[in-house]
Structure formats: structure tokens, C-alpha cells
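Asks: Next one to model:
(one chain, ligands or ions: 4)
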Amino acid sequence: RQLESELVLGVKKEQFVLHYQPLHDAKTSQLTGFEALVRWSHPRLGLLPPSEFIQLAEETGVIDALGEWILRRACTDAAKWPLPVKVAVNLSPAQFKQQGLSLQVAAALAASELLPSRLELEITESVLLANNENTLNTLHGLRDLGISIAMDDFGTGYSSLSYLRSFPFNRIKIDRSFVSLMCESSESRAIVKAVAELGTTLGMTTTAEGVETEDQYRLVRENGCTDVQGWFFGRPMPASELHALFEQPE
Ligand code: G
Ligand code: G
Ligand code: MN
Ligand code: NA
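Replies: Ligands and ions are numbered 1, 2, ... in the order given. So this is what the prediction gives:
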């Protein structure tokens, strides 16, 4: 297919950009970091969202090279941000199948001189579906670098709970499908509250994703989420626009 060969070429030509969405402390509303979200600056089709090419990248194996580029770019960008602002990078399950993911991450940290404590990797439970020894070894190897690991889109999979038992995540990111219904659904409120409590008990921070309104912000805070992310706080934006946020008095 045409898009496939364009993707291979696009990675070679580095036709990608990272946009960054702000992450805030729920209690103080202070900026704590940014999640990197990749876009493909396609020469003919314009700026493409990940939904239009990540799966193809995974199927074709291009994700290894693309993932490494994303990691290096994110670390290089974050090294310029004021301390202690962190960067969160999404990892695709396919990246876990390659040997030496830890080495790749260590190399990206070394090249950028980013402190490991300022990097967080986000994985979805599909990474753990295989739940084999390799996956767990890789996760422990990553944590041994001094970085943190977040479980992304929590609650949308089949057995999110059992994965919390198999690996000491630093953070749970509560899927926005729960957050978006909090105002009208007491069930959603109860679920968010229970997950936040679970996180606290397990020593994990909990981020509410997809906070779009002041009311949702109030509810996730009241129900124990430690961190927040969503359009209410900011949309994903190019790296060049972040300095305006850093200059704001807190
Ligand atoms: O930015 P957007 O809302 O379109 O992102 C949609 C999804 O694409 C995210 O939830 C995330 O799972 C995935 N995604 C975004 N950036 C990356 C990336 O750099 N690597 C991987 N593997 N997935 C990403
Ligand atoms: O899958 P992951 O959670 O990593 O990616 C986050 C995705 O959610 C991104 O595509 C981002 O654009 C989107 N997103 C972030 N905040 C909001 C929000 O407040 N509302 C909606 N609808 N989408 C959001
Ligand atoms: Mn994510
Ligand atoms: Na998510």
C-alpha cells in the first residue's frame, strides 16, 4: 500500500512532530509535566493523528525506528524544560517485543542528559496481555533505570486489576471514558473513587484523563485523583508553544 511505503520513508526523513499535553497536580493545579503525542507531518495529507498511522507502524515493524525517534525527541525536548517538569511517552506493545528496549531508553537518556526521574513511560494493558517473563523483565529493567511507568487507559481492558498485581506501576491513568461521565453518572464517580483509593493503597499516583470542565476537575479532585490531564488544562501543543506555560507565575 502507498501509505506503508510513505511511512517507511517518512521515518527515514523524520517527518514527525511531537505535541505535548500538560499534566497538572490535582490539589495545587501546578504544572507537573507533559505527555508526548506524535503526529505525522505528511507531505501530501498534512498533519496526521496517531490513529491514522500507529497501527500501520506496528504491523510493518516501522514502530521500532519511529518509537526510538519519539523517545529521543521527547527526552531532548524535556531536557530544556525547567525542573522538575517531566515528560510522559507512550510505548506501543510492539516496542516490548524488541530486544534491548531498556538499552534504547538508557541511550536516549544519556544522549539528552535528561534525568531518569523526569521520564515516564505509558503502557496499556495490551503490553501485559502476553504476561510472559520477558515482558516483566523488561518492565523491571526499565524501572531500574530510575524512570517511572504508568498504566494507561486504565479500566478499558479485560483484566486491568490483575496487571496491578504483576508489576509495581508508579501511576494509574484512569481512562477518560470514566471521567467524562462523572457529572451525570454516580457509577462513574464510584469507579473513579475506587480506583483512586486503590492507587493510593498500592503507592501509585492516579491521573484522571480527559478532564474537560471545571465540574469534572472538582469531582476528580474530591474523589482522590492525584493528577489531572485534559482540555480544561490544555490541549496537545507544539514544543515551541510550551515556553508560555513555563513563564506563567504559579
Ligand atoms: O493525540 P491523540 O489523542 O490522537 O492520541 C491518540 C492515541 O495515540 C493516544 O491515546 C496514544 O495511545 C497513541 N499515541 C500517541 N502518541 C503516541 C506515541 O508517541 N507512541 C505510541 N505508541 N502511541 C501514541
Ligand atoms: O491514549 P492516550 O490516553 O495516551 O492519549 C490521550 C488522548 O486523549 C490524546 O489523543 C488526546 O488528544 C486525547 N485527549 C486528551 N485530553 C482530552 C480531553 O479532555 N478530551 C478528549 N475528548 N480527548 C482528550
Ligand atoms: Mn497515554
Ligand atoms: Na490514556
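Asks: can we go C-alpha only for contacts and neighbour counts from here?
Replies: Fine.
Asks: so for stretch 143-154, what's the average pLDDT?
Replies: Mean pLDDT, stretch 143-154: 96.
Asks: could I get the longest strand seen in the chain in PDB with only the CA atoms?
Replies: What stands out as the longest strand in the chain, according to DSSP state E, is strand 31-42. Output in PDB follows, covering the C-alpha atoms of strand 31-42 (Å, rounded to 0.1, in the frame of the first residue of the first chain):
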ATOM      1  CA  LEU A  31       2.100  22.100  36.000                       C
ATOM      2  CA  THR A  32       4.000  18.800  36.600                       C
ATOM      3  CA  GLY A  33       4.700  17.600  33.100                       C
ATOM      4  CA  PHE A  34       3.600  16.900  29.600                       C
ATOM      5  CA  GLU A  35       2.500  13.800  27.600                       C
ATOM      6  CA  ALA A  36       4.200  13.500  24.200                       C
ATOM      7  CA  LEU A  37       1.700  12.700  21.400                       C
ATOM      8  CA  VAL A  38       3.100  12.000  18.000                       C
ATOM      9  CA  ARG A  39       1.800  13.400  14.700                       C
ATOM     10  CA  TRP A  40       2.900  12.700  11.100                       C
ATOM     11  CA  SER A  41       3.600  15.700   9.100                       C
ATOM     12  CA  HIS A  42       2.700  14.000   5.800                       C
END
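Asks: i'd like the first residue to be 21 from this point on
Replies: I'll keep to 21 as the first residue from here, and by that count the last item is strand 51-62.
Asks: Next secondary structure element downstream of that strand?
Replies: Downstream of strand 51-62, the first helix or strand assigned by DSSP states H and E is strand 66-68.
Asks: Where does pLDDT dip in the protein?
Replies: 151, 268-270 (pLDDT under 70).
Asks: ok now do L57, which residues does it touch?
Replies: L57 makes contact with L38, H39, Y40, Q41, P70, V109, N110, P256 under the criterion CA atoms under 8 Å, 6 or more residues apart in numbering.
Asks: The fifth one - how many residues pack around it?
Replies: In other words, P70. 14 (other CA atoms under 10 Å).
Asks: which residues does it contact?
Replies: Contacts of P70 (CA under 8 Å, 6+ apart): L57, V58, R59, W60.
Asks: and which of these is nearest to R93?
Replies: V58 (10.3 Å; CA to CA).
Asks: ok, now how distant is the closest one from L123?
Replies: Relative to L123, V58 is positioned 22 Å away (CA to CA, to the nearest Å).
Asks: Between the two, which has more neighbouring residues?
Replies: V58 (22 against 13).
Asks: Do I have it right that the more buried one meets R93?
Replies: No. Counting by CA atoms under 8 Å, V58 stays clear of R93, with 10.3 Å between them.
Asks: Please list the residues of this structure that sit near ligand 1.
Replies: L57, V58, P69, P70, S71, I90, N110, L111, S112 (CA under 6 Å from any ligand atom).
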